[in-house]
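Novice: This is a predicted model, with the sequence first.
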Amino acid sequence: MKGIIFTEFVELVETTFGYGVANALLEGCDLPSGGAYTTVGTYDHEEILSLVGRLQKLTGTPAPDLLEAYGKYLFPKLAEQMTAMSLKFDGALDLLCSLESIIHKEVLKLYPDAELPSFNIKKINAKEILMEYRSCRPFAHLAKGLIDGCGDYYQQTLSVSMKHLNTDTEFSTLITVRQS
Ligand code: HEM
């Protein structure tokens with residue numbers, strides 16, 4: 001997984017829980033990388049899961065809530081990259097409808113080794129879409145947080161609900177997004 005996902009996570013922990021918790025987190029995880037993340041590096045996605053699991057123990061906040069809070073924090077940072085790629089959208093739903101066909105496609109051109117989920121996106125009507133998240137990594141709650149962050153970014157109110165359909169071989173979640 002790309003370094004930005006790790007550096008921003010550590011930054012979120014530092015700003016939300018303080019440097020003491022961030023240090024305890026990195027020291028207590030026994031990470032293969034040693035935890036000295038850089039934006040240009042690539043690390044095993046299992047490290048984020050270890051960090052989230054340990055942060056849950058340190059703070060008492062459930063792991064899915066931590067992943068959602070992280071997604072919300074991460075979105076504006078990813079949006080900067082999007083602007084650098086000259087991608088522009090009319091609002092949250094417009095962006096979400098282009099996530100698979102444009103945004104993550106451009107990400108893959110830039111970083112051919114990026115580990116991305118697949119999204120099958122259906123427009124129900126002008127105010128509602130259905131996103132089917134599929135991945136071999138368990139990051140549906142990160143996706144929910146990113147969608148929440150996308151709503152904040154465009155100052156639009158979104159209600160997001162999830163239904164997990166995980167199988168033995170794949171993580172799969174139906175995400176409904178309604179704009180009000
Ligand atoms: C609301 C919009 C978005 C959603 C729901 C979303 C969803 C996700 C999820 C869930 C992952 C984790 C990988 C997995 O689940 O298998 C991911 C990874 C990633 N996404 Fe997106 N994404 C969004 C927007 C963006 C934007 C705007 C960018 C930048 C232009 C971006 C770039 C990336 C990158 C660089 C990764 C990491 C790939 C890797 O580490 O190898 N995403 N995305």
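Specialist: Yep, it's here. Since this is a predicted model, take the numbers as computed values, not measurements.

Novice: Can I get the longest helix seen in the chain in PDB? Just the C-alpha atoms.
Specialist: Longest helix of the chain, by residue count under DSSP state H: helix 63-84. This file holds the C-alpha atoms of helix 63-84, laid out as PDB (Å, rounded to 0.1, in the frame of the first residue of the first chain):
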ATOM      1  CA  ALA A  63     -11.600  -0.300  14.700                       C
ATOM      2  CA  PRO A  64     -14.400   0.300  12.100                       C
ATOM      3  CA  ASP A  65     -14.900   3.800  13.700                       C
ATOM      4  CA  LEU A  66     -11.200   4.500  13.500                       C
ATOM      5  CA  LEU A  67     -11.100   3.500   9.800                       C
ATOM      6  CA  GLU A  68     -14.000   5.700   9.000                       C
ATOM      7  CA  ALA A  69     -12.500   8.700  10.900                       C
ATOM      8  CA  TYR A  70      -9.300   8.100   9.000                       C
ATOM      9  CA  GLY A  71     -11.100   8.000   5.600                       C
ATOM     10  CA  LYS A  72     -12.800  11.300   6.400                       C
ATOM     11  CA  TYR A  73      -9.400  12.800   7.300                       C
ATOM     12  CA  LEU A  74      -7.700  11.300   4.200                       C
ATOM     13  CA  PHE A  75     -10.200  12.500   1.600                       C
ATOM     14  CA  PRO A  76      -9.000  16.100   1.300                       C
ATOM     15  CA  LYS A  77      -5.400  14.900   1.000                       C
ATOM     16  CA  LEU A  78      -6.300  12.600  -1.800                       C
ATOM     17  CA  ALA A  79      -8.300  15.400  -3.400                       C
ATOM     18  CA  GLU A  80      -5.100  17.400  -3.700                       C
ATOM     19  CA  GLN A  81      -3.600  14.600  -5.800                       C
ATOM     20  CA  MET A  82      -6.800  14.600  -7.800                       C
ATOM     21  CA  THR A  83      -6.400  18.300  -8.600                       C
ATOM     22  CA  ALA A  84      -2.800  17.700  -9.500                       C
END
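
Novice: Which SSE is immediately downstream of it?
Specialist: Sequence-wise, the next helix or strand downstream of helix 63-84 (DSSP states H and E) is helix 92-97.

Novice: Would you mind putting the CA coordinates of that next one into PDB?
Specialist: What follows is helix 92-97, C-alpha atoms only, in PDB (Å, rounded to 0.1, in the frame of the first residue of the first chain):
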ATOM      1  CA  ALA A  92     -19.800  14.400  -4.500                       C
ATOM      2  CA  LEU A  93     -22.100  12.100  -6.500                       C
ATOM      3  CA  ASP A  94     -20.400  13.100  -9.700                       C
ATOM      4  CA  LEU A  95     -17.000  12.300  -8.200                       C
ATOM      5  CA  LEU A  96     -18.200   9.000  -6.800                       C
ATOM      6  CA  CYS A  97     -19.700   7.900 -10.100                       C
END
